[in-house]
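# give me the fold of what follows.
(one chain, ligands or ions: 1)
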Amino acid sequence: MCVIKTYLLILITIIAVNLVPINASIPLSSRSSIHNLLEINITYNVAVVLFDKDSIDYNSLSKTLTNYTVTSINYTIARISYSFNITWVKAPKWAIDDLVEWFGENYRDFGKPEWVREYEGYTGLKLDVLWIELKKFYNYLTTLVGKITSYNKLYVDDTIVFITDIDGYSRQYYTYSIEHGVWSNNTLYLTGIKGFGGIKPLVFYDLTVVPRKHPKPWQPFYGYGRSVDYINEPPLWSLDNSSIREYILGLVADHLKYHVVRDVHIKPWYTDEMIIELYILCFSNESVSDIVSRLDVGRVVDLVESVDPWIEYRIVVNIVDVSIGYESVLRVVEGSREVSGWIELDANKLLNVFDKLCGREGGCIGGYCREYRYPVYILATDKPSYMSWEGRLNFTAYSSRSHVTVSYPGYMYRVYRSGLNKVIAHEIGHKLGLGHPFQFNNSIRWVMDWIASIMCYDDSVLAGVPYTDTVSYYDREKTALIHTLALLNYTLSKNLVSDRVFNNVVELISRALFSKAFELIHSYVRGFREYLVDYILLSIIPITAIVLLLFTVKVSLGIRKKQST
Ligand SMILES: [Zn+2]
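Numbers count the residues shown, from 1 in each chain. Predicted structure coming up:
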C-alpha cells in the first residue's frame, strides 16, 4: 500500500504542477460563438490646407465639404465605414511668404518638357516653368504644414495640401532615379506629377503643374478609367473660379476614398511566416542568367517588409527545367502567339495551369496559419514575353490566390523599368491584401497613382523615392487592419478571446489604431498557439504518468497477489 501512496502522491503533484500554467494561459470566452457582423466606424480628422493668394473663393470652398462618410470593407466579419471631419485651413501670410522664398531658393531651370509645350499648343497659353526636387520639397512642406496645424491647435490624422499660383510660375517636380534599368543612378527624372504622398500622412496637390499624361502604355489598365490629361486633370491656368472649386472638392473626396479608405478585395488572412518560393522556369539559359543578375532576394524581403512588417519572410530560389514536371506550362508557352518578336502569353491559361501545379487553395483556414507557402513563377522564355488577358489587357505579372506569375521582361519591358524585385514585391503586396492607390472599387482615377507606394504604377514615383520610403503610411495601416480582421475571425471561430479583449480590439480599430489592435489580438493568437503546445505536452505527460502508474500498480499488486498465494 505504501508504494501506491507514493505513486498517487507523485501523480497528484504532476497534475497539480501542470494544470497551473494551463489555467493561467487559456483566455476562454464566455460566449459560445459570435457570427454577427461587426459594425465599425472609423473617424478621421482631416485638415485641408490651402496655399493661395486669394484667387480662390475660400469661404464657399470651406463651407461645402466638412463631413464625409464612405463605406469600405464589407466582409462577413465586419463592415467598416469611415467618417471624415474636414477642417479647411487657409495658409497664413507668413507661411505663404516662407513658401515663396523657399521656392525662389530651390528653383532650377530645366526648360519646358514636351508635355508643357503640348499643353501650350493646346490652349494657346504661354507658361513660365521652373523645377523643384520632389523629395526635398516634400520634407520642407511637411515641416511647414506641421507648423500651421499646430499653430491652429489641430489634431489631424491626415493632411491634404493644395498649392495654387503664388508666384506666377508653373512648377514641375523632378526626382533622381535609383533603380537600375532605364534610368541609372543619379539620373535626373522629370516627373510631371501634380500630386504626391509619401510615408507621412500628408499629400500635396500643386495645381500649377501641367501634368504628364498618365497612365503609360506599358501599364496594365492603360485606356481604362479617368486618365491624367489636360481635360480631366487640368492645371490651374485653364480653370475658372467655380471649376477650381469643383476640382478641389473632387480631389479631396477622391483622396479620402482612394488613399485612406481604399478598397481591399481579398478575404482577410494572416500568417506568421511566409515562404516565398521563387521558381525560375528555364526555357533559355541566357534569360535565366539575366533574371538571376537582376534578382536580389534581400531587396524583395526589404520591400515586402515595408508593406507588411508583421510577417516573417523567407525566400527560396529554384531554377527548374520546364521539360520535367512543367509540361503543361511548356504547352501554353509553345501554343502562344507571337507579336512582333514577343511571346504573348495567355494569362487565363497560365492561371489554370499554375493553379493545378500548386494544388493549393491559397489562404489559411479560418484566416490564420503559422506558415504559408506562396509560389512565384518567373517565365524565363527564350524570346521576350508579356501576358495578355483575353487578348485585350496587356501586363507583366499577376497574383492569384495560390501563386504569382511573372513574364519576362514583361509588357513594354516593365521588369527593366521598375525592377524585377519591385514587380515581385508588388504582386506579393496584392496577396497581402493591398490594392492600387489609383483604384477604388471598380473605378480608376490615375491622378491618385502619385503616392509613394510599392503598389503604385508610376515609374517616376517608384524611381525617385528610395525603397525604404516607398510605402505609404496607409499601406501599412491597412495591412494591420486586414490582419486584425483575419485574427478576429480566427479567434472567434475558436472561441478564443474574452469579451474584454474582443471589445478592446474593436475599440482600437474604431480609433483607427490598426497596428495596436493587431498587436493585441496577435498576442492572444500566439498565446493560444503556445497554449496548444503546452496543452499537448502537459496532457501527454500526466496521462502517460497515469497509465504508467496504473500499470505499475497493477503489476505490483499482481506480484503481491502472487507472493500471498
Ligand atoms: Zn497590381
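# any regions of this structure where pLDDT drops low?
Across the chain, residues meeting the criterion (pLDDT under 70) sit at 1-4, 6-36, 177-186, 265, 360-363, 463-471, 473, 528-539, 542, 558-565.
# how is it carved up into domains?
1-32+497-565, 41-261, 270-433 (automatic domain parsing).
# could you tell me the end-to-end distance of the last one?
The straight-line separation of the ends of domain 270-433 (Cα to Cα, to the nearest Å) is 10 Å.
# quick one on the thing from earlier: and the domains of the chain: which comes nearest N442?
Proximity to N442, assessed across the domains of the chain by Cβ to Cβ, is greatest for domain 41-261 (9.3 Å). For every residue, glycine as well, the C-beta is placed using N, CA and C.
# how long is that closest one end to end?
Separation of the first and last residues of domain 41-261 by Cα to Cα is 12 Å.
# how far away from the center of its chain is that domain?
Offset of domain 41-261 from its chain centre (Cα atoms, centre = their mean, to the nearest Å): 21 Å.
# okay, now L249: neighbour count?
Other residues near L249 number 14, with proximity taken as other Cβ atoms under 10 Å.
# doesn't Y313 fall inside a strand?
Yes. Assigned with DSSP: H, G, I helix; E, B strand; the rest coil, Y313 falls within a strand.
# ok, it touching E305?
Yes. With contact defined as Cβ atoms under 8 Å, Y313 and E305 form a contacting pair (6.6 Å).
# those two: who's more crowded?
The neighbour count for Y313 versus E305, taken as other Cβ under 10 Å, is higher for Y313 (18 against 15).
# how far away is that one from E427?
Note on Y313: its distance to E427, by Cβ to Cβ, to the nearest Å, is 14 Å.
# could you do M448 as well?
Distance, M448 to E427, using Cβ to Cβ: 20 Å.
# same question, E477
On the measure of Cβ to Cβ, E477 and E427 end up 21 Å apart.
# more neighbours: which of those two?
Legend: neighbour count by other Cβ under 10 Å for E477 and E427, higher for E427 (22 against 18).
# what helices and strands are in contact with the helix or strand where that one lies?
Per DSSP states H and E: E427 is located in helix 420-431. In this structure, helix 420-431 packs against strand 270-282, helix 285-294, helix 297-307, strand 368-380, strand 397-399, strand 404-406, helix 414-418, with contacts taken as 3 or more Cβ pairs under 8 Å, 6 or more residues apart in numbering; DSSP states H and E.
# check contacts around P235.
Applying Cβ atoms under 8 Å, 6 or more residues apart in numbering to P235 gives the contacts Y119, S170, K194, L207, T208, V209, V210, P211.
# which parts of the stretch 51-200 of the chain are strands?
Per DSSP state E, counting those that start in this stretch, the stretch 51-200 of the chain carries strands over the ranges 67-74, 78-90, 129-133, 158-163, 170-176, 188-190, 195-197.
# next, format those as JSON lines and append distance to V46 and mean neighbour count.
Shown next, in JSON lines, are the strands of the stretch 51-200 of the chain (distance: least, Cβ to Cβ, whole Å; neighbours: other Cβ atoms under 10 Å):
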{"stretch": "strand 67-74", "distance to V46": "8", "mean neighbour count": "15"}
{"stretch": "strand 78-90", "distance to V46": "5", "mean neighbour count": "18"}
{"stretch": "strand 129-133", "distance to V46": "25", "mean neighbour count": "19"}
{"stretch": "strand 158-163", "distance to V46": "5", "mean neighbour count": "24"}
{"stretch": "strand 170-176", "distance to V46": "23", "mean neighbour count": "23"}
{"stretch": "strand 188-190", "distance to V46": "31", "mean neighbour count": "17"}
{"stretch": "strand 195-197", "distance to V46": "13", "mean neighbour count": "26"}
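# so which of those strands comes closest to V339?
Between V339 and the strands of the stretch 51-200 of the chain, the tightest spacing by Cβ to Cβ is seen for strand 188-190, at 29.3 Å.
# so what are the sheet partners of the closest one and their directions?
strand 170-176 (antiparallel) (DSSP bridges).
# CA atoms only: put the strand it pairs with into PDB for me.
Only the C-alpha atoms of strand 170-176 are listed here, as PDB (Å, rounded to 0.1, in the frame of the first residue of the first chain):
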ATOM      1  CA  SER A 170       4.100  76.700 -63.400                       C
ATOM      2  CA  ARG A 171       6.100  74.400 -61.200                       C
ATOM      3  CA  GLN A 172       7.200  71.000 -62.200                       C
ATOM      4  CA  TYR A 173       8.800  68.400 -60.000                       C
ATOM      5  CA  TYR A 174      11.900  66.200 -60.600                       C
ATOM      6  CA  THR A 175      13.400  63.200 -58.900                       C
ATOM      7  CA  TYR A 176      16.600  61.200 -59.100                       C
END
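# and the angle for that strand with strand 129-133?
If you take axes from the mean of the first three to the mean of the last three Cα atoms, to 10 degrees, strand 170-176 sits at 40 degrees to strand 129-133.
# report how far apart the opening and closing residues of stretch 437-457 are.
Note: stretch 437-457 ends 9 Å apart using Cα to Cα.
# which one of the helices and strands packed on helix 420-431 lies nearest to V129?
V129 lies closest, by Cβ to Cβ, to one member of the helices and strands packed on helix 420-431: helix 414-418, at 25.4 Å.
# so which elements touch the closest one?
With contacts defined as 3+ Cβ pairs under 8 Å, 6+ apart, helix 414-418 has these neighbours: helix 420-431, helix 459-464.
# dump the residue contacts of D272.
Taking Cβ under 8 Å, 6+ apart, one finds I311, E312, C369, R370, E371, R526 in contact with D272.
# give me that answer again for 10 Å
Residues counted as contacts of D272 (Cβ atoms under 10 Å, 6 or more residues apart in numbering) are W310, I311, E312, Y368, C369, R370, E371, Y372, H522, V525, R526, R529.
# what of K53?
A91, K93, I96, V100, T164, D165, I166, D167.
# that one and L513, how far apart?
Where L513 is concerned, K53 sits at a distance of 39 Å (Cβ to Cβ).
# now do K147
With Cβ to Cβ as the criterion, K147 and L513 are 26 Å apart.
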